[in-house]
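Q: mind folding the following:
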Amino acid sequence: MSPKKIMKVLSILLSGEEVGIQTWNLQNPFEVLIGTVLSQRTRDENTSKAVKSLFSRYRSAKEISSAPVEDIEKLIRVSGFYKVKARRIKEISRIIIEKYNGSVPCDMDELVSIPGVGRKTAGCVLVYGFGCPAIPVDTHVHRISNRLGFVKTRTPEQTEQELMARIPKEMWISLNNAMVGFGQKTCKPIGPHCWDCPLSKLCEFPEKGRG
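A: Okay, the predicted model is just below:
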């Protein structure tokens, strides 16, 4: 897709933001970090319930790092894979306390050095926790970027690098939220609503209209 066409698609896409991580009502970088870990392999509504349950009991990295893992498991059970996630967020909390003096680092390399924190999670922390430019690439962003024709990539990591090269930096912060909303409502994994899509005439998806 040409740069001019990409900009036209973005102007439409970014004017229609609807849902995303902002619906979890997270208040600070630590909550964004833990909320994003809880969101892995589950639906947004389950993430919201788990986030609300966990932070109604434990409010900080210090409190979570000291909490019995069994208590954390009970609080986040709805998020799925709760035993793995409970151990992970307890360990992340411990590292934030011991290595970063209780403050989540505002740096991609530092964030991904924490066990259990990948580039997507780190990108969410930068964007939603700190308001810093980054492009968190989840399944929605990866799928939609390839369907539209922005990129032709096989992995989220490749998609992130291509999008950073093609999209102006001032648009990075808004991109994830816009694509998540678009992916949940219109450009669904199965049966995308191509007939009701504002981007249908610009989209390069080869199977467009077959859903």
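Q: mind checking pLDDT for the residue nearest to residue 157 when sequence neighbours are not counted?
A: Among residues not flanking residue 157 along the chain, residue 119 sits closest, at 6.4 Å (C-beta to C-beta, 6 or more residues apart in numbering). In short, each C-beta sits where N, CA and C put it, glycine included. What the model reports as pLDDT for residue 119 is 95.
Q: surely residue 119 and residue 137 touch.
A: Yes. At 7.4 Å, residue 119 counts as touching residue 137 under the criterion of C-beta atoms under 8 Å.
Q: mutual contacts of these two, please.
A: Common contacts of residue 119 and residue 137 (C-beta atoms under 8 Å, 6 or more residues apart in numbering): 156-157, 160.
Q: list buried residues within those residues.
A: Those of the shared contacts of residue 119 and residue 137 that meet the buried threshold are 156, 160, by 16 or more other C-beta atoms under 10 Å.
Q: sorry, back to before: quick one: the residue nearest to residue 157 from residue 164, how far?
A: Distance, residue 119 to residue 164, by C-beta to C-beta, to the nearest Å: 11 Å.
Q: could you chop the chain up by domain?
A: What automatic domain parsing lists as the domains of the chain is 3-19+135-196, 23-130.
Q: hey, least reliable of the ones you listed by pLDDT?
A: domain 3-19+135-196 (a mean of 91).
Q: could you tell me the end-to-end distance of that domain?
A: 25 Å (C-alpha to C-alpha, to the nearest Å).
Q: give me the secondary structure label for residue 189.
A: Here residue 189 is coil, with the state taken from DSSP: H, G, I helix; E, B strand; the rest coil.
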